[in-house]
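Undergrad: Sequence plus predicted model, see below.
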Amino acid sequence: MTDLTLLFPTIFLAVWALVLLMYGAFGGSARTTAAFACFGLAMLLVPMLTKPAMGSAFVLGQGALLGFSPFTQLAQVLLLVLAIPVALLAEPFFEGRKAHRAEIYTLMLLSLCGMFILTAAQDFLPMYMGLELMSFPLYIMAAMLRDRAESSEAALKYFVLGGLASGLLLFGVGLVYAATGTTQFASLMVALGQGGMPWPLLSVGLALTVLAVLFKLSVVPFHMWTPDVYQGAPTPVTAFMAALPKLAAIVLLVRLLEGPLSGLQELWQPALAVLAAASMVVGSVVAIRQTDVKRLLAWSTIANVGFVLCGVVAASPQGHGGVLFYLAVYGLTMVGLFAVLIELENLQEPVTVHGLAGLARRRPWLATMLLMLLFSMAGVPPFAGFMAKLNVFAPLVAAGYTWLAVVGVMASVVAAFYSLWLVKTMYFDVPSAEVAVVAKPVQSAQQSPLMLVALAAVAVVLVLGVLPGLLSNLTLPAATALF
Amino acid sequence: MLADILFLAFATAIILGAGTVVLARNPMVGVLGLVFTFLNAAGLFILLQAEFLGLLLIMVYVGAIAVMFLFVLMTIDIDFVKLREGMAAYLPLGAVVMLALLAELLLAAYAAPISGVGNPIGEGADTSAAALGALLFTDYNLPFQMAGLVLLTAMVGAIVLTHRRRSDVKRQNIAKQVLRKPEDSMTLTQPKVGGGVTASHWEPQTVEEK
């Protein structure tokens, strides 16, 4: 019998999603549903922090379907911590557009439930189901603004390409099963542990499987969906997509590569190094040419995933700790940035690069927060973004991939260019005539969850920049116990 | 021997059907090709003694999905010739990718014949439906429950995205119609001889949703 207490957080999320669904269906307003969703997520943090569950669930033969370790535990806590501010972003955005539905919180929780399974998966079957449960709500949430064509387009594009990736994943799992007769990570590790090159059937299957995960991460050759989806989706949904699934997918990738595929390290390490370099360079360079801020952030996501992959390539506990640290800081920065963007959208400000001109004079508070978050993204020292980059590049050099670290530093110089370009536009450029007419007179930032979220993000980014040990003292021990 | 012949027949038919789906000029023919492919895939399942999965494939994919495809094709107006305009331009790249994958798979199949896979549901099982059910409700209960959650998500999504109040569509509210009283819509006036009636105080009632 499986100890179901291990699964408590996952089951709680699913049940809470159902409760919210029923509450919304029988007359509950979207606003109170939001409060209930945040309450549930915050409550769930208590048992997860006080009684961390470790061990295997659903033991079958050599392995298990799920395995909980300090690494998954910390990843799940980080997911929860990021999910709460994202849930707070939805109301101010959708309420003004008359599209605030209670179901969006049900979908968020279901997606989170899928991510929890994904981070703990030790078998291809729960991995596939987790990936689908994570992605389906994202497709639906991307289409929430039915009256905007871009929203539907984003959802459809994401859905079709996500379906393609799922197809490749299933094909890959099928080939792995044909070659080894197992879907379990543990048995696969035994089959691969015999050393030497894996036989071709298995290598094609494994390549397709890893590829599907890289697609979810939007690593460079599989990144084409990202800008369109990020731009078209409603802004809070974009924040959700930028902050959460990346973390879940990278945890799965690390556990896949360091677990069953650890014997093939000399094969995947150089391949991932090339992909990481490509992501960093392409993401940073293309971002320069963007005029839409959301699109620019999408390209910067691609570059940032490249930085994160550097930590995976390092293949050491320091590297994996750096990955978690990077994604936590990055996710929080993104949530803060999108909170400011939603506030700007609500204030009828144009969220294009040129539209931001002179923002510092019109809205000094928003501009200041944007400035700090962008500095963090660029990796300017007093902010956490710098420590995050340091935490992935240092293990990379230690692992002997100095060339990749050099590429990474050069790419982050390019990335710093567009971040600072935005800052320059906000602080030193004169707004064009039409923007000045459209924008309302100067007023201080409103009291709303948006400002709270943005302020919290800025505060955490500052604190973690000065005292990175607060988080890295958690990530490093967790990364030494992946399984 | 007979099994080999049947396998070759089904496999060839699948490739032909899939080719029809991609190449058919008429989308109707394409969907029928899809149905043909599903039927032959079901044949392969039955050949592998997974008769339950084979029948499920026919029921779900042919019975529900392909038929819905046909409905959609009949009701929407899409210029399919225009849709495939880019095909010639992308064909070379697609062909290269396809050939690379085909070469990889052929190489893989010849380098090491598929091994290690027995009958996954165990020898001597009574029927594949019973054996599958036993597995799904015991060892693989977790993925099974998660599949339920995925289906729930799809259901919620379908309703959330289609069921919404639209301001540009008129709806009938029967309760409101039944409860309508003469006073609500009728004004009795007694105009003086030679005087007219002004209807300025009367406004058409808008039928509103609650």
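TA: Received the coordinates, thanks.
Undergrad: wait, doesn't A:Thr238 sit right on A:Lys294?
TA: Yes - A:Thr238 lies in contact with A:Lys294 (C-beta atoms under 8 Å); the separation is 6.3 Å. For glycine as for every other residue, the C-beta is placed from the backbone atoms N, C-alpha and C.
Undergrad: Which residue of these two possesses the greater neighbour count?
TA: With neighbours defined as other C-beta atoms under 10 Å in any protein chain shown, A:Thr238 and A:Lys294 compare such that A:Thr238 has more, 27 against 21.
Undergrad: Wondering if the helix or strand the more buried one falls within reaches chain B at all.
TA: Assigned by DSSP states H and E, A:Thr238 belongs to helix A:235-258. No - using C-beta under 8 Å from any C-beta of the partner chain, helix A:235-258 stays clear of chain B, coming no nearer than 12.8 Å.
Undergrad: next SSE after that helix?
TA: Under the assignment DSSP H and E, the closest C-terminal helix or strand after helix A:235-258 is helix A:265-288.
Undergrad: Chain B: helices as residue ranges?
TA: Using DSSP state H, the helices of chain B run over B:2-23, B:27-47, B:51-57, B:67-75, B:80-83, B:87-111, B:128-137, B:141-162, B:174-178, B:182-185.
Undergrad: Quick one: name the residues of chain B near chain A.
TA: So chain B meets chain A at B:104-105, B:107-109, B:111-112, B:114-118, B:139-143, B:146-147, B:149-150, B:152-154, B:156-157, B:159-161, B:164 (C-beta under 8 Å from any C-beta).
Undergrad: of these, buried ones?
TA: Among these, those classed as buried by neighbour count (16 or more other C-beta atoms under 10 Å in any protein chain shown) are B:104, B:108, B:140, B:142-143, B:146-147, B:149-150, B:152-153, B:156-157, B:160-161.
Undergrad: Just name the lowest-scoring one in those, pLDDT-wise.
TA: Of all these, B:Ala108 carries the smallest pLDDT score, 76.
Undergrad: pretty sure that residue contacts A:Val204?
TA: Yes - contact criterion C-beta under 8 Å: B:Ala108 and A:Val204 qualify, at 5.4 Å.
Undergrad: joint contacts of the two?
TA: Residues within reach of B:Ala108 and of A:Val204 at once, by C-beta atoms under 8 Å, 6 or more residues apart in numbering or on different chains, are A:Leu175.
Undergrad: Return the distance of the helix or strand of chain B with the lowest mean pLDDT from the chain's centre.
TA: The helix or strand of chain B with the lowest confidence, counting by mean pLDDT, DSSP states H and E, is helix B:80-83 at a mean of 72. Centroid separation for helix B:80-83 versus its chain: 21 Å, with C-alpha atoms, centre = their mean, to the nearest Å.
Undergrad: residues shared between the contacts of A:Thr238 and A:Lys294?
TA: Common contacts of A:Thr238 and A:Lys294, defined by C-beta under 8 Å, 6+ apart, comprise A:Tyr230.
Undergrad: could you check the distance from the most centrally placed residue in chain B over to B:Val72?
TA: Per C-alpha atoms, centre = their mean, the C-alpha nearest to the average position across chain B is that of B:Ile65, at 4.4 Å. Here B:Ile65 is placed at a distance of 11 Å from B:Val72 (C-beta to C-beta, to the nearest Å).
Undergrad: which ones are touching the residue nearest to A:Ala411 when sequence neighbours are not counted?
TA: With C-beta to C-beta, 6 or more residues apart in numbering or on different chains as the criterion, A:Ala411 has its nearest non-adjacent residue at 3.7 Å, and that residue is A:Met280. Contacts for A:Met280 (C-beta under 8 Å, 6+ apart) come out as A:303, A:306-307, A:310, A:407-408, A:411-412.
Undergrad: Could you export those as a markdown table, including secondary structure?
TA: Shown next, in a markdown table, are the contacts of A:Met280 (DSSP: H, G, I helix; E, B strand; the rest coil):
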| residue | secondary structure |
| --- | --- |
| A:Ala303 | helix |
| A:Gly306 | helix |
| A:Phe307 | helix |
| A:Cys310 | helix |
| A:Val407 | helix |
| A:Gly408 | helix |
| A:Ala411 | helix |
| A:Ser412 | helix |
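Undergrad: Doesn't A:Ala99 belong to a helix?
TA: No - applying three-state DSSP, one finds A:Ala99 to be coil, outside a helix.
Undergrad: pLDDT below threshold where in chain B?
TA: B:80, B:112-126, B:166-167, B:198-210 (pLDDT under 70).
Undergrad: what sits against the closest residue to A:Asp147 other than its chain neighbours?
TA: Counting by C-beta to C-beta, 6+ apart, A:Asp147 lies nearest to A:Ala99, which is 7.8 Å off, once chain neighbours are set aside. By C-beta under 8 Å, 6+ apart, the residues touching A:Ala99 are A:144-147, A:234.
Undergrad: which residues are there in the stretch 201-350 of chain A that come within reach of chain B?
TA: Counting by C-beta under 8 Å from any C-beta, the stretch 201-350 of chain A sits next to chain B at A:201, A:203-204.
Undergrad: which one of these sits closest to chain B?
TA: Using C-beta to the nearest C-beta, A:Leu201 comes nearest to chain B of these, at 3.9 Å.
Undergrad: Which strands and helices lie in contact with whichever strand or helix holds the closest one?
TA: Per DSSP H and E, A:Leu201 falls inside helix A:200-217. Packing partners of helix A:200-217 (3 or more C-beta pairs under 8 Å, 6 or more residues apart in numbering or on different chains; DSSP states H and E): helix A:124-142, helix A:149-180, helix A:235-258, helix A:293-314, helix B:87-111.
Undergrad: Which strands or helices does the fourth one pack on?
TA: In other words, helix A:293-314. Counting contacts by 3+ C-beta pairs under 8 Å, 6+ apart, helix A:293-314 packs against helix A:200-217, helix A:225-232, helix A:235-258, helix A:265-288, helix A:317-346, helix A:384-398, helix A:402-428.
Undergrad: Would you mark the buried spots in the last one?
TA: In other words, helix A:402-428. In helix A:402-428, counting by 16+ other C-beta under 10 Å, buried: A:404-405, A:407-408, A:411-412, A:414-416, A:418-419, A:422-423, A:425-427.
Undergrad: and what of the second one?
TA: Along helix A:225-232, the positions that meet the burial threshold by neighbour count (16+ other C-beta under 10 Å) are A:225-232.
Undergrad: of all the helices and strands packed on helix A:293-314, which lies closest to A:Met43?
TA: The closest of those to A:Met43 is helix A:235-258. By C-beta to C-beta, the value is 18.7 Å.
Undergrad: could you check the angle helix A:149-180 makes with the closest one?
TA: 10 degrees (axes from the mean of the first three to the mean of the last three C-alpha atoms, to 10 degrees).
Undergrad: And helix A:235-258, what does it pack against?
TA: Helix A:235-258 is packed against helix A:70-96, helix A:103-120, helix A:124-142, helix A:200-217, helix A:225-232, helix A:265-288, helix A:293-314, helix A:317-346, with contacts defined by 3+ C-beta pairs under 8 Å, 6+ apart.
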